[in-house]
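In: here is a sequence together with a model predicted from it:
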Amino acid sequence: MRNTEITMPAASRPLVAGNWKMNGMRHAGAELLAMVEGYDSALAARVDLLVCPPATLLAQFAATAAETGIAIGAQDCHSATAGAFTGDLSAEMLADAGASHVIVGHSERRTLHQESDALVKAKVEAAWRAGLVAIVCVGESEAERRSGAALEVVAAQIRGSVPQGARGDRLIVAYEPIWAIGTGLVPTVADVEDMHGTIRRVLGEVSGEAAAMRLLYGGSVKPENCDALLSARDVDGALVGGASLKAADFLAIANIYRQHALSA
Ligand SMILES: O=C(CO)COP(=O)(O)O
């Protein structure tokens, strides 16, 4: 291993996370295997990878990824530990299935399942109780962006969704403008930098470790467009939807990050 490839401390390593949403049958394990194969020592020295498959695949994926360095996460959790909540899964169950991370407050949950900031905050606390890293998603709608309220809306989401005392090793924030998700549209680098700077400042109100927290950008991240987005100030990684379903695309994004890390 060359000197330049010495593993960096976790907080300064970029994270490329894949959110598979409601996609993936058991045979999708082949895609994960391809990711495992492509996550070679040069990439692993520079970039962390996380795959969040549907809950039906968690245990299978966790077994496949064990000891490869690729982390496996879930896409949502209930706030309670156990009980009469038909169809729900607790953070403890997700940890038991092999998850180390859980996404909470994704805009698809906030809008399609009417999740409030208070509920998202309770889910973050549940994730921590179970020993999981919580990835809190925030982001404005197109109308909010157009009206000039984006920074304010996202700051309010952070204040409402992130518990006091959040630690850098237990919390990741993903900024995902709703209008950029699955649309092919992406914000300008200047807008992402403004937003991530605001998020880090507001995180500073609830935590002394805001500087050490990883802030991901998400929304139409593809190998073709991620170069500028990923090198933006205060962007510590990406939360990738559609392009995380294919190992080739997901690894291409991670390798672009590796190049950045090498030239930084
Ligand atoms: O919602 C997202 C990840 O959580 C982004 O999805 P796309 O990358 O498909 O736009």
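Out: Thanks, I have the structure now.
In: so which residue of the protein comes closest to the ligand?
Out: Nearest residue of the chain to the ligand, counting by Cβ to the nearest ligand atom: residue 241, 2.1 Å away. For the C-beta atoms, the positions are set from N, CA and C on the backbone; glycine is no exception.
In: how many residues are close by the closest residue to that residue other than its chain neighbours?
Out: Closest residue to residue 241 apart from its sequence neighbours, by Cβ to Cβ, 6 or more residues apart in numbering: residue 19 at 5.3 Å. The local packing count at residue 19 equals 26, with neighbours defined by other Cβ atoms under 10 Å.
In: from residue 194, how far out is residue 19?
Out: 24 Å (Cβ to Cβ, to the nearest Å).
In: likewise for residue 186?
Out: On the measure of Cβ to Cβ, residue 186 and residue 194 end up 14 Å apart.
In: residue 58 touches residue 71, doesn't it?
Out: No. Using Cβ atoms under 8 Å, residue 58 is not in contact with residue 71, being 11.7 Å away.
In: neighbour-wise, which of these two wins?
Out: Each of residue 58 and residue 71 has its neighbours counted (other Cβ under 10 Å); residue 58 has more, 23 against 19.
In: list the contacts for that one?
Out: Residue 58 makes contact with 72, 74, 94, 97, 98, 99 under the criterion Cβ atoms under 8 Å, 6 or more residues apart in numbering.
In: which of those residues ranks first by neighbour count?
Out: Tallying neighbours with other Cβ under 10 Å puts residue 99 at the head of the contacts of residue 58, with 30 neighbours.
In: name the helix or strand for it, please.
Out: Under the criterion DSSP states H and E, no helix or strand holds residue 99.
In: skip the chain neighbours and tell me the closest residue to it.
Out: residue 74 (4.6 Å).
In: got phi/psi on that neighbour?
Out: The phi/psi pair for residue 74 (degrees, to the nearest 10) reads phi -110, psi 170.
In: so it touches residue 104, yeah?
Out: No. Look at residue 74 against residue 104 with Cβ under 8 Å: they stay out of range, at 9.4 Å.
In: make JSON lines from the contacts of residue 58 and add distance to residue 151 and pLDDT to it.
Out: Below are these laid out as JSON lines (distance: Cβ to Cβ, whole Å; pLDDT from 0 to 100):
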{"residue": "72", "distance to residue 151": "33", "pLDDT": "98"}
{"residue": "74", "distance to residue 151": "30", "pLDDT": "98"}
{"residue": "94", "distance to residue 151": "32", "pLDDT": "98"}
{"residue": "97", "distance to residue 151": "37", "pLDDT": "98"}
{"residue": "98", "distance to residue 151": "37", "pLDDT": "98"}
{"residue": "99", "distance to residue 151": "32", "pLDDT": "98"}
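In: great, nothing more from me.
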